[in-house]
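**Student:** mind folding the following:
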Amino acid sequence: MDLAFNFDNTYKDLPNTFYTNQEPAYIESPKLVISNNTLANEIGLKIDDFESEKIAKILSGNTIPKAAYPISQAYAGHQFGYFTMLGDGRAILLGEHIGPNGTRYDVQLKGSGRTAYSRAGDGKASLGPMLREYIISEAMHYLNIPSARSLAVVETGEEVIREKPLPGAILTRIASSHIRVGTFEYVAAYGAKEEVKILADYTIKRHFNQAPDGVNPYIYLLQEVIKKQAKLISKWQLVGFVHGVMNTDNMAISGETIDYGPCAFMDAYNPDTVFSSIDRGRRYAYSNQSNIALWNMSRFSETLLALIEKDLDKAVEIAEENLSEFPKLYKSHWLDGMRKKLGLFDEEEIDEELIDGLLDLMNQYKADYTNTFLALTFDKDYSLELMASPEFKDWRNKWESRVRSQNKTKEEVLTLMKENNPSIIPRNHLVENALENCIDGDYSLYMDLLEALTNSFGHTKSQEQYQIVPCKQEPYLTYCGT
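**Tutor:** Residues are numbered from 1 along each chain as shown. Below is the predicted model:
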């Protein structure tokens, strides 16, 4: 009765300052409301073989699977620029599951009760935010963006008190690991001197074990994490995703997107877009995400200085040299992605000016980000005021001339654009409507939207209903759920 988990837990072998043994809180009436059978099959679990009541017992934490080792992880982090001690305040790592191909996956219960790191929190989660993380994280996966994924949501039958009583729930999250920039910060600030090396060695063995002979493994670790983060953030930008809370404790060393709290996708293009209710200084605005990622990488590099080089000045110099690569890597990935969105196979000097020109016009006319690129792909106006403007017509002439210069067929250009411009994103009003219905017990809208999002580049007739933007868009705010 364990869904065929194949646990091989290694994090528990680290010093016990890294975590606390923690049993999930008992749930009186757990009820499975959604399970991701596709993901389960991919990682070798047997959800199909179990009744929903048994799955609910396991994924609520009431029944601990064989060989699981439940812990809550300790970490710190810079939250909105200020350092603080944190940890898994409402999450428990059941264990590390080994999939059929040998890949290791963390299996985590989110909303499973108080832990040693809960501080004043109740350790619980409400149904809406857990369903929201489920659908957004799955959408990210199908948009080809590295992400933690969602295996299931279990309703607890309990009330969670936030601004008002809400139905409680537990999300089962799957990730390559939950090692964060904030994990390194915690060990550097509060652990013994040798424990940073222990954590770094563990991380290298788990995620970055391909260092060439003779290369300092800790410099290699820094370089590889920088590469992963630069590529990840570029992918966010290319689909208009705003994470909303890029604190260092929410940045995974593996390069996966985690912690879907105050996140959302832009409708109208605006580089100053912020969705988080608490980001009053716009620290984590869409246009600032790459800068914040670099800032976070700087905090990560500080924890490795003693391992990079005994001479502190030399260590700082090496770290700064590697950090200086981040903006170049990010821009290269972003430009490459934008070229593909515009049907460009090669590189020309005019490209950056062409891209910036389009974005400036989109901002000026408050044009929908996703639909603008769909309009270019399929030569439709999608009711965009932008398309009728003389400035856009001038821009379009330049773009079409650039496309023709490539010696590529129209079919080749169309295919490239279709592969890089999603036909559907989890638009804010669609997600909110679906969640409201779920709270009332009707999951039909949610399941239809989820199904459509699993074919993000399908460009099917049935997906056109999800491309309609509300005539009047109210300012959209999201909340962290605690």
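
**Student:** so who does residue 287 touch?
**Tutor:** Residue 287 makes contacts with 271-272, as judged by Cβ atoms under 8 Å, 6 or more residues apart in numbering. Glycine gets a C-beta too; all of them are placed from N, C-alpha and C.

**Student:** can you check residue 371 too?
**Tutor:** Taking Cβ under 8 Å, 6+ apart, one finds 382, 384, 467, 469 in contact with residue 371.

**Student:** list just the nearest of those residues to residue 159.
**Tutor:** Nearest to residue 159 among the contacts of residue 371: residue 469, at 35.2 Å, using Cβ to Cβ.

**Student:** quick check: phi and psi on that closest one?
**Tutor:** With angles defined as degrees, to the nearest 10, residue 469 sits at phi -100, psi 140.

**Student:** which elements pack onto the helix or strand encompassing residue 361?
**Tutor:** Residue 361 belongs to helix 350-364 when assigned by DSSP states H and E. Where contact means 3 or more Cβ pairs under 8 Å, 6 or more residues apart in numbering; DSSP states H and E, helix 350-364 is packed against helix 325-341, helix 369-378, helix 390-404.

**Student:** pLDDT (mean, whole number) over the shortest one?
**Tutor:** Regarding helix 369-378, the rounded mean pLDDT is 97.

**Student:** how far away from the center of its chain is that helix?
**Tutor:** 24 Å (Cα atoms, centre = their mean, to the nearest Å).

**Student:** next, the angle from that helix to helix 325-341.
**Tutor:** 50 degrees (axes from the mean of the first three to the mean of the last three Cα atoms, to 10 degrees).

**Student:** buried set for helix 369-378?
**Tutor:** For helix 369-378, the neighbour count (16 or more other Cβ atoms under 10 Å) marks 369-377 as buried.

**Student:** and the pLDDT at the residue lying farthest from the centre of the chain?
**Tutor:** In terms of distance from the mean C-alpha position of the chain, residue 390 ranks first, at 38.0 Å (Cα atoms, centre = their mean). Among the per-residue scores, residue 390 holds a pLDDT of 96.

**Student:** likewise residue 1?
**Tutor:** pLDDT at residue 1 comes out at 59.

**Student:** single out the most deeply packed of the helices and strands packed on helix 350-364.
**Tutor:** helix 369-378 (a mean of 21; mean count of other Cβ atoms under 10 Å).

**Student:** residues in contact with residue 19?
**Tutor:** 11-12, 71-74, 93.

**Student:** just among those, which is most surrounded?
**Tutor:** Ranked by neighbour count (other Cβ atoms under 10 Å), the contacts of residue 19 have residue 73 at the top, with 27 neighbours.

**Student:** that residue and residue 404, how far apart?
**Tutor:** Computed as Cβ to Cβ, to the nearest Å, the residue 73 to residue 404 distance reads 54 Å.

**Student:** just the closest of the contacts of residue 19 to residue 175, please.
**Tutor:** Using Cβ to Cβ, the contacts of residue 19 come closest to residue 175 at residue 93, 9.7 Å.

**Student:** let me know the average pLDDT across the helix or strand containing that closest one.
**Tutor:** If you go by DSSP H and E, residue 93 is part of strand 91-98. For strand 91-98, mean pLDDT is 98.

**Student:** hmm, back to that, include distance to residue 34 when you put the helices and strands packed on helix 350-364 into CSV, please.
**Tutor:** Formatted as CSV, the helices and strands packed on helix 350-364 follow (distance: least, Cβ to Cβ, whole Å):
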stretch, distance to residue 34
helix 325-341, 31
helix 369-378, 25
helix 390-404, 42
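
**Student:** lovely, talk soon.
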